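Fold the following.
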Amino acid sequence: MPDAAMKPQRTKGAASLVFAGMLLSKIAGFVRQRYIGGSLGTSVAADAFAAAFRIPNFLQNLFGEGVLSASFIPVYASLVARGEEEEAGRVAGAVFAILALVTSLLVAIGMLTAPWLVDLIANGATPVTRQLAIPLVQILFPGAGLLVMSAWCLGILNSHRRFFLSYSVSVLWNVAMIGTMMWFGPNTAEDRMAHYISWASVAGSAIQFIAQLPVVLSLVPALRIGLATHLGSVRTVIRNFGPVFVSRGVVQISAYIDQILAAPVKGGMAMLGYMVTLYLLPVSLFGMSVSASELPAMSSAIGSREEIAAYLRTRLVSGLRRISFFVVPSAVAFVVLGDTIVGTVFQGHRFTAADTNWGWGIMAGSAVGLLAQTQGRLYSSTFYALKDTRTPLRFAMIRIALTAILGYVASKYAPGWLGLDVKWGIAGLTASAGLSGWIEFVLLRHALSRRIGKVSVGPSYLARLWAVALVAAAVGYAIKLTAGVHRPIVEGVITLLPFAAIYLLLADPSQIRQYLNRRK
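Model (predicted):
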């Protein structure tokens, strides 16, 4: 195999910018969710806002960053690299025009059909919740459309390697909502505050989009807005869009199924939304980021079939070890120190100590499949590098079906079998999703091993990580019991920092350097 194809290249600068931008965005998201938890708690208004926020969000998820990154960026970036600025500007303008047209139509349809959408997604919610959710959906839909256009900006910025702005600009969207809640104060009635937050979300979406435009326009001087579907490059973007769109749609179905199953429980939709924010932190920072950085490296492999397979095995093992290093302690912390994590982020005002314990149970449930689901993303990326998008899609559909069946049983019947309150069925939802994630992971690993050979992270390495994480969590838990601190934020600092420090000292610090360097 030619040395140039496999020569490691440093991407530390770009990777650090991506990580820094994502981290800032996640921190702002936590602050936003903490204020929402304090303002709405697990009230009827909280359920209504959670349902309303989820419904128009499908626009961003189906047409946003993930789909555009896979379909638009490769075509546009290759034109830029070849110096074809005129063609690049026409392609960028065509994608903008198509997105704007499709998104505008869907926003209008969504606002008109809001009552039926609420009945579908929040089936089982109380009449009061439904009545409040409908106008919130109508308010939020235009904001979701603006976030889709913001994803177009992200595609342009990433193609020109302006990573920090593209991944950190969502801080402005969060700040708009945080500032609104601070302005109106914690004593504002929940239903009124839900309306204020919704309008702030729309304003923040506009600010996020507008903040990127000056840089985008400077990077694309030949931008021409128009439906230039006759261009071969535009047709390539549209053709690539289809399979990724279907894959994203399948993933969204799972989220909506959870929403439907949580709807009958008072506060269930709100609490599930709060906990998803926490659960997605390790998934985004460690699972998605590693998978995204490995995909271009894996796709660059050339040579014989055996040489490519060997190269992919090496990349896969490296990525799986990096993911495991960070996700294993996350899963242990969710189970052992989940109440401290939830309390630190959310507890206060209308988010009570009882809510914290409920959230702990949901977090513990999500820990069941955390490692499988994050590693599964890297296996899927390996299939994409092999130009195979059908296999991951097929296994994802199996996972969705299992999640729906197991989630229904776990949420509807398991609490009664165990003599628990029905609200604990929400924890059953996250645990059943984790079990389904393990099945998907096994299927992906088995199918990929038949293509490139067996891949092993090393049982001794994983055993060490789990053992060190459990020891660190035990120390953190002991500190929590003996300190006797009753302020959630203070408890979080004196408990979670020693947990993290002990794990990093006793585990494998070299993994931190590998993660930050992101070597190809």
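
And for residue 450, the neighbour number?
9 (other CB atoms under 10 Å). Placement of C-beta: from N, CA and C, glycine included.

And it, what's its pLDDT?
Predicted confidence (pLDDT) for residue 450: 91.

residues contacting the nearest residue to residue 42 once chain neighbours are set aside?
In space, residue 42 comes closest to residue 267 once its chain neighbours are excluded; the distance is 2.9 Å by CB to CB, 6 or more residues apart in numbering. By CB atoms under 8 Å, 6 or more residues apart in numbering, residue 267 lies in contact with 41-43, 46-47, 355, 423.

how close does residue 267 sit to residue 328?
Distance of residue 267 to residue 328, computed by CB to CB, to the nearest Å: 31 Å.

Could you do residue 222 as well?
Remark: distance between residue 222 and residue 328 (CB to CB) = 48 Å.

swap in residue 372?
According to CB to CB, residue 372 and residue 328 sit 12 Å apart.

Could you single out the nearest of the contacts of residue 267 to residue 474?
Comparing the contacts of residue 267 against residue 474 with CB to CB picks out residue 355 as the nearest, at 25.8 Å.

average pLDDT across stretch 45-59?
For stretch 45-59, mean pLDDT rounds to 82.

How about stretch 487-500?
For stretch 487-500, the per-residue pLDDT averages 89.

Name the residues of it that are buried.
Neighbour-count burial for stretch 487-500, with 16 or more other CB atoms under 10 Å as criterion, is recorded at 488, 491-492, 495-496, 498-499.

Tell me how far that stretch lies from the chain's centre.
Relative to its parent chain, stretch 487-500 has a centroid offset of 25 Å by CA atoms, centre = their mean, to the nearest Å.

what are the ranges of the strands in the stretch 201-350 of the chain?
Read by DSSP state E, counting those that start in this stretch, the stretch 201-350 of the chain holds no strands at all.

ok, back up a step: of residue 222 and residue 328, who's got more company?
Applying other CB under 10 Å to residue 222 and residue 328 shows that residue 328 carries more neighbours, namely 23 against 13.

and the closest residue to the more buried one other than its chain neighbours, how far is that from residue 502?
Closest residue to residue 328 apart from its sequence neighbours, by CB to CB, 6+ apart: residue 465 at 4.4 Å. Distance of residue 465 to residue 502, computed by CB to CB: 13 Å.

before we move on, the earlier item: of the contacts of residue 267, closest to residue 176?
Checking the contacts of residue 267 against residue 176 with CB to CB, the nearest one is residue 46 at 19.3 Å.

okay but that closest one is in contact with residue 191, surely?
No. Contact criterion CB atoms under 8 Å: residue 46 and residue 191 do not qualify, at 10.1 Å.

which of these two has more neighbours?
Neighbours per residue, other CB under 10 Å: of residue 46 and residue 191, the larger number sits with residue 46, 28 against 17.

give me every residue that touches the more buried one.
Counting by CB under 8 Å, 6+ apart, residue 46 has contacts 36, 40, 190, 194, 267, 269-270.

Where does it sit, in terms of helix or strand?
Element membership for residue 46 (DSSP states H and E) is helix 44-54.
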